[in-house]
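In: could you look at this predicted model? Sequence included:
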Amino acid sequence: MLTLFVLIPIVWAIVVSFQRTDGFGGGTFSGLANYQRLVADPVFWRSALNTVLFTLIVTPLSMGLGLGAAVLMNSVLPARKIFRSILILPMAISGIATALIGVLLFDENSGLIDKLVRAAGLPGVPWQSNGPAAFVSIVLVTLWSRVGFNMLIYLAGLQAISPEVYEAGRLDGAGGWQNFRFLTVPLVGPSSFFLLILNVIYSFQVFDLVFVMTGGGPGNATSVIVTYAYDQGFVTRDQGYAAAIGVVLLLVMLVFTAVRWRTSRSRDLVE
Amino acid sequence: MASIPISLEESRVRAPRRASRRRPGRRSLMIRLLLAIVISIIVIFPLYWMVVVAFSTRADLLGGALRLWPTTFTLDNFTRVFTAFPVATWFGNSTAIALVVSVITVTINILGGYAFARLKFRGSSAVFLVALATLMIPVQVIMVPLFSLVTNLNLYGTYWAVILPTAASAFGLFLARQFILGIPTELIEAARIDGASHLRVLRSIVLPLSKPLIAVLFFMSLLQSWNDFSWPLIALKQNELFTLPIGLLYLQGQFGSDFGGTMAFALINVAPMVVLFLIFQRYFVQGFARSGIR
């Protein structure tokens, strides 16, 4: 019985590790050719830069907005449950549907957002034909779908803080902002740490939104590592090259995990 | 607790909207309520707009004027989508795949969770960490080898090409382990002393106590698999095997800028999960929130 329970995860882990290493260079062994090509490939670097940029923008924004919303939802508020339900609703929407709603809203010819912008007397934004604008539209749609999750985790963290802490803060003369800055933010530290990891992982893996909303365009302006890998592997059909991109992504993830591992250990030592 | 050496007056000036939790001023309550309403509108509006577009006529959508509410009501978009695509088949595929994936995932995660929580074996924590680490790997990293694996196993072109890799998810493993750790050891040990096998313990003690866990895991993997896109996109080739998200993409490719049709179909994709999500919100919230408590 022991073997059965133990075997399932082990075999499965072995299968996964096997899958990672398999498939290099396809049928013929080509040595490091794929990697040499990778280093010299400007589109790859562009995609990598976009991925990092996306992560750097989306992670703090979704965490900040999530925390703000969580504080709001944790305060005295009528119909709090209804508001909370609304805020987490995007979590139930599939990535592709989210992306298509994004396409609908951000369409530069007939999209509602553009109509609103023009109605306000501002010039229309070329959401599809302008690289940065396309990037912003993806970020906005991502935030729409991600903030609810961040809020939920923070809410769980906030509810674990005992009210006495705030009482003590109040006696010490702390106002709303001090409470937030010196009590709330440090006390939800574990949630923040967890969310940081999750958001970075998520951002590195962003696929469906980019794939559907811009397809990496215009001119690779929004291409990210995973969409580029998909393009190479299943559109251009250069699977060896796609696998090489995947391996690089994997290495980045491993470094990130290692850093996370070390910091969480040192945190334990500090605490 | 460190004291905060800033005067109360100053803080009031700087942050009038966050009053003390204990004594919410009327004004601050109104501001918070307003803020909550504004946020909710921002969140709900895209969904509202999807519904509006799905039920609007094409002429209405092509009109250049700005309007935020429906002026016409039509089911044309739905009829068009249903006649042009095997929507019912896709719906059935999605349902079947999501259900099978969920059953397999829950089974694996509970078995694994029990193993990691209650069986001490050499290297158990290392294996556990490796299993969790696989969660960080995007499917695009392993898609090429996974694809050849699936092809070599002669699964390509079947539902199993989607089901098996999707079901091999460690997502609920951590949750399951934590939950089972919470079951009193005495209960399990008493049963073991009475001669019960691990399977027996699992069936007669752990499972009856784990109903909330099973519900959480089940809904989470149902949601995940129903909405999954990246892997099915690679693993499904024939039209008649498509799941709803893949069908949606396919349909968008065919319909182009026919937003009415696209949104009608998006609504078919989204509605079941939204309904389930709202009804069983407690379980989803628990699942998401617990995954965050470490």
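Out: Sure, I can see it.
In: three-state assignment of A:Asn34?
Out: Going by DSSP: H, G, I helix; E, B strand; the rest coil, the secondary structure assigned to A:Asn34 is helix.
In: check B:Arg122 too.
Out: For B:Arg122, the assignment made with three-state DSSP gives coil.
In: centre of the chain to the helix or strand hosting B:Val38, how far?
Out: Counting by DSSP states H and E, the element that carries B:Val38 is helix B:26-54. Counting by Cα atoms, centre = their mean, to the nearest Å, helix B:26-54 is centred 23 Å from the centre of its parent chain.
In: please see if that helix touches chain A.
Out: Yes. Helix B:26-54 comes into contact with chain A (Cβ under 8 Å from any Cβ of the partner chain), by way of B:29, B:32-33, B:35-36, B:39-40, B:42-44, B:46-47, B:49-50, B:53. C-beta coordinates here come from the backbone N, C-alpha and C atoms, glycine included.
In: flag the shaky bits of the stretch 51-200 of chain B, pLDDT-wise.
Out: Across the stretch 51-200 of chain B, the ranges flagged by pLDDT under 70 are B:61-66, B:130-142, B:144-145, B:168-171.
In: next, count neighbours for A:Val235.
Out: Neighbours of A:Val235 under the rule other Cβ atoms under 10 Å in any protein chain shown: 9.
In: residues in contact with it?
Out: For A:Val235, the contact set (Cβ atoms under 8 Å, 6 or more residues apart in numbering or on different chains) is empty.
In: re earlier: what's the helix holding B:Val38 packed up against?
Out: Helices and strands touching helix B:26-54, by 3 or more Cβ pairs under 8 Å, 6 or more residues apart in numbering or on different chains; DSSP states H and E, are helix A:42-74, helix A:80-88, helix A:95-106, helix A:131-159, helix B:259-279.
In: among the residues of helix B:26-54 next to chain A, name the buried ones.
Out: Neighbour counting by 16 or more other Cβ atoms under 10 Å in any protein chain shown classes B:Arg32, B:Leu33, B:Leu35, B:Ala36, B:Ile39, B:Ser40, B:Val43, B:Pro46, B:Leu47, B:Trp49, B:Met50, B:Val53 among the residues of helix B:26-54 next to chain A as buried.
In: touching chain A at all, the helix or strand harbouring B:Gly253?
Out: Remark: B:Gly253 resides in helix B:244-255, with elements defined by DSSP H and E. Yes. Against chain A, helix B:244-255 shows contacts by Cβ under 8 Å from any Cβ at B:Leu244, B:Pro245, B:Leu248, B:Leu249, B:Gln252.
In: so what's the first one scoring on pLDDT?
Out: The pLDDT attached to B:Leu244 in the predicted structure is 86.
In: other residues contacting the helix holding B:Gly253?
Out: Residues outside helix B:244-255 that contact it (Cβ under 8 Å, 6+ apart): A:94-97, A:100, A:103, A:208, A:212, B:81, B:84-85, B:87, B:90-91, B:93-94, B:226-229, B:232-233, B:236, B:239, B:242, B:261-262, B:265-266, B:268-269.
In: can you give me the helices in the stretch 101-250 of chain A?
Out: A:112-119, A:131-159, A:163-171, A:176-178, A:185-187, A:189-204, A:208-213, A:225-230, A:239-270 (DSSP state H, counting those that start in this stretch).
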